[in-house]
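In: Turn this into a structure:
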Amino acid sequence: MKKHLMIFVVALVAVAVAMPALAAVEFKYGGQFRARWYIQDNVYDGTDKPFSSGYNSDDNRNIIDQRLRLYFTFAASKNLQVVTKFEVGDSIWGQGGNAVGSTSQANIGHNIGANVGGDSIAVEVKNAYMQFNIPNTPSTAVIGLQSITLLDSWIVDDDLPAAVLVTKFDPFKVTLAYVGGQNGWEKSLDTSKVATTDQTFNVSSYVAALDYANGPFKASLVGFVQDGYDSVISLDPRSLFTPIRNFSGGPDANGFDFLNDLRTPQNNLLADIGVNLTYKVDWLMAYVNFVKNLGSVDLKDSTNNPFIGNKTVDYTGWMIDAGVTYYCGPYTANIGGFYTTGPKIADNIVDYTNVFNASGVAKPFRNLESTDVDWFVTPAATGKQFSEIIGGGILGEDLHTARGYSSAVTGSKIGQASGLHTVFWRGYYNPTNLWTVTAGGSWQVAEKTKISASYWYFGTSEEVPVALILAGADAGKFQMSSSIGHEFDVYIDQGIVDGLTLTLVGAYLFANDAFAPIPADANFTNVGVNAAGTATKKLAEDAFELGARLQWSF
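Out: Predicted structure coming up:
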């Protein structure tokens, strides 16, 4: 990797030196280097108790990682430029590189490699796009792999291959875009299908946005349509990773029992309509965001079983997010919160164990009160950050393991049952069945020193199962809870030299029962029982993060 990176840098320098002789092209460059050290406990699975056979769920971590981003722009004039952004890392010290072409979960989007020798396939292309003004119009076109953020990251926040047209009619701006999310011919492994007609792996998205800015007022109206064709995109939580993966042709042959394993999705269309209102003056900023899920997906019976049948389910979830920040000299204070809808979950164990897959094997099943997708759903390529532990923060950002749901490949995470992909609740990347209220502030102690702190209370919008009742009138039912806990975050930012900043981070979550819902183990034998023998043990235990980030943007 070192050899290839050196050749790449030398080639760029050579092009920059030769540029004046070739054409009147301006060459600009910049970048960012980041190194982090952090320790974490219970951040991802919410417990110290081993609750799955053969798996010790204690996720105590002690990690050093690094990342380098390089930005190169080639500008012919203010009317035409090509922008490229490259990323070296994220590299975790002590972990080796990954073989070319590997799609293992541990390396999706993370070509780890910083062990002895340091060799790895670790260079990623973040952006590579052309931007040009269309003559005699107020429009600008942006074509290529680019960063797109919609509605404060609640709809989209990622690097995407897209064609974007931006037209300005002061004080309005109109944005239209097409996003080529994924093409089936690259992903289909089924040789019995014609690649160009296989819709199981296709994803295309469309954007229309109207922005208004005048004085202290800003407003946005965003429409987003994700055409998932016959894939499980957004229906299966695992599909929200980028790059998009694990399309199975059914809701999930590995355990995502949304309605029934024997149904396969068709015409999977998710639409979002979002609104932002912002008011900002020197001493105050206030905002509100709202997103409503629309659209539907047809679930087809692939077995012609009259007891299964076909269903069309609608996306009906929604979210709201609001906050106020007050500025007063070296001090700031803020309050706010958000709410995302969740699924209503049955408290009866029978509803967890009465579904059989195509092989006739019983699986746990999360029974839903509604037959629609009533929890808030996001498109692929969303990465909403908020608090440090539940919300990704600056130490959790970019880790391939996401908070709040499980994968059979990656192991268990908080807010989810071991080995299944049901939606109990999720935090970062894609908040669902989650609400919070927060208050915090900061103090600019000196020119290069700032102290910040925040408090967050987290709960689930709908109750989740936290223990199984074994005796008494309610035997065979679950104890339910909606309280995740209280999180406290503290940051100290200290300027070092020439823009180099050291950030110290401390975060602690006083966990309540819903932080780690009970595993959906059909027998519940691995959870254990309480001393009285009347219920299985609750799993949730406190979590913390402690670490530092060294960062220079140049």
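
In: Give the residue spans of this protein that score low on pLDDT.
Out: Residues of the chain meeting the criterion pLDDT under 70: 1-23, 50-58, 96-122, 184-201, 237-263, 301-309, 349-370, 397-423, 519-527.

In: which stretches of it form helices?
Out: Here the chain has its helices, by DSSP state H, at 2-22, 184-187, 350-353.

In: doesn't G392 make contact with E545?
Out: No. Using C-beta atoms under 8 Å, E545 and G392 do not qualify as a contacting pair, with a distance of 10.9 Å. The way it works is simple: take the backbone N, C-alpha and C, and place the C-beta from them, glycine included.

In: Report the contact partners of the residue lying closest to W283 once chain neighbours are set aside.
Out: Nearest residue to W283, sequence neighbours excluded (C-beta to C-beta, 6 or more residues apart in numbering): Y327, at 5.1 Å. Taking C-beta atoms under 8 Å, 6 or more residues apart in numbering, we find Y327 in contact with 282-285.

In: Please apply the same query to R61.
Out: Going by C-beta under 8 Å, 6+ apart, R61 touches 38-41, 43.

In: now for those residues, which pair is the farthest apart?
Out: Greatest spacing in the contacts of R61, by C-beta to C-beta: Y38 and D41 (10.9 Å).

In: Which of these two has more residues huddled nearby?
Out: Shown here are Y38 and D41; by other C-beta atoms under 10 Å, Y38 has more neighbours (21 against 17).

In: residues in contact with that one?
Out: By C-beta under 8 Å, 6+ apart, the contact set of Y38 is 61-63, 395, 505, 545-548.

In: Going by neighbour count, which of those residues are buried?
Out: If you count burial by 16 or more other C-beta atoms under 10 Å, the buried members of these come out as 63, 395, 505, 545-548.

In: Check those and tell me the two furthest apart.
Out: I63 and V505 (13.1 Å).

In: Residues contacting stretch 314-321, please?
Out: Under C-beta under 8 Å, 6+ apart, the answer for stretch 314-321 is 152, 154, 234, 270-271, 288-297, 336-341, 370, 372-377, 431-432.

In: For PyMOL, write the select line for the buried members of these.
Out: Typed into PyMOL, the line below selects the buried ones among the contacts of stretch 314-321, using 16+ other C-beta under 10 Å:
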select buried, resi 152+154+234+270+271+289+290+291+292+293+294+295+296+297+336+337+338+339+340+341+372+373+374+375+376+377+431+432
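
In: What sits closest to E447 if chain neighbours are left out?
Out: E447 sits nearest to G495 (C-beta to C-beta, 6+ apart), 7.4 Å away.

In: Against W443, how distant is that neighbour?
Out: 15 Å (C-beta to C-beta, to the nearest Å).

In: rewinding a little: with distance to V490 added, can I get the buried ones among the contacts of Y38 in CSV?
Out: Below are these laid out as CSV (distance: C-beta to C-beta, whole Å):
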residue, distance to V490
I63, 20
L395, 12
V505, 7
E545, 11
L546, 10
G547, 12
A548, 12
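
In: between those, which is closest to A514?
Out: Taking those together and measuring to A514 by C-beta to C-beta, the closest member is E545, at 19.6 Å.

In: Bridged to the residue nearest to that closest one when sequence neighbours are not counted, which residues?
Out: In space, and not counting its chain neighbours, E545 is closest to A507: 4.4 Å by C-beta to C-beta, 6+ apart. Note on A507: beta-bridge partners by DSSP bridges are D489, E545.

In: and the gap between A507 and I64?
Out: When A507 is compared with I64 (using C-beta to C-beta), they lie 18 Å apart.

In: More neighbours: these two, which one.
Out: Between A507 and I64, counted using other C-beta under 10 Å, A507 has the larger neighbour count: 27 against 15.

In: isn't the more buried one right up against Y491?
Out: No. At 9.1 Å, A507 does not count as touching Y491 under the criterion of C-beta under 8 Å.

In: hmm, back to that, the contacts of R61 into CSV, with extra columns for distance to L165?
Out: Formatted as CSV, those follow (distance: C-beta to C-beta, whole Å):
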residue, distance to L165
Y38, 41
I39, 47
Q40, 43
D41, 48
V43, 41
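
In: tell me which of those is nearest to M130?
Out: Nearest to M130 out of these is Y38 (C-beta to C-beta; 38.1 Å).

In: List the beta-bridge partners for the closest one.
Out: Here Y38, judged by DSSP bridges, has bridge partners I63, G547.

In: Roughly how far does it sit from S442?
Out: Counting by C-beta to C-beta, the gap from Y38 to S442 is 21 Å.

In: Repeat that for A24.
Out: Counting by C-beta to C-beta, the gap from A24 to S442 is 45 Å.

In: okay, these two: which has more neighbours?
Out: In this view A24 and S442 are compared by other C-beta under 10 Å, and S442 has more residues nearby, 19 against 9.

In: so who does that one touch?
Out: By C-beta under 8 Å, 6+ apart, the contact set of S442 is 331-332, 450-453.

In: Nearest residue to it in space, please, no chain neighbours.
Out: Using C-beta to C-beta, 6+ apart, the nearest residue to S442 is S452, at 4.0 Å.

In: residue ranges for the strands of the stretch 151-300 of the chain, please.
Out: Along the stretch 151-300 of the chain, the segments classed as strands by DSSP state E, counting those that start in this stretch run 156-169, 172-182, 203-214, 217-227, 263-281, 284-301.
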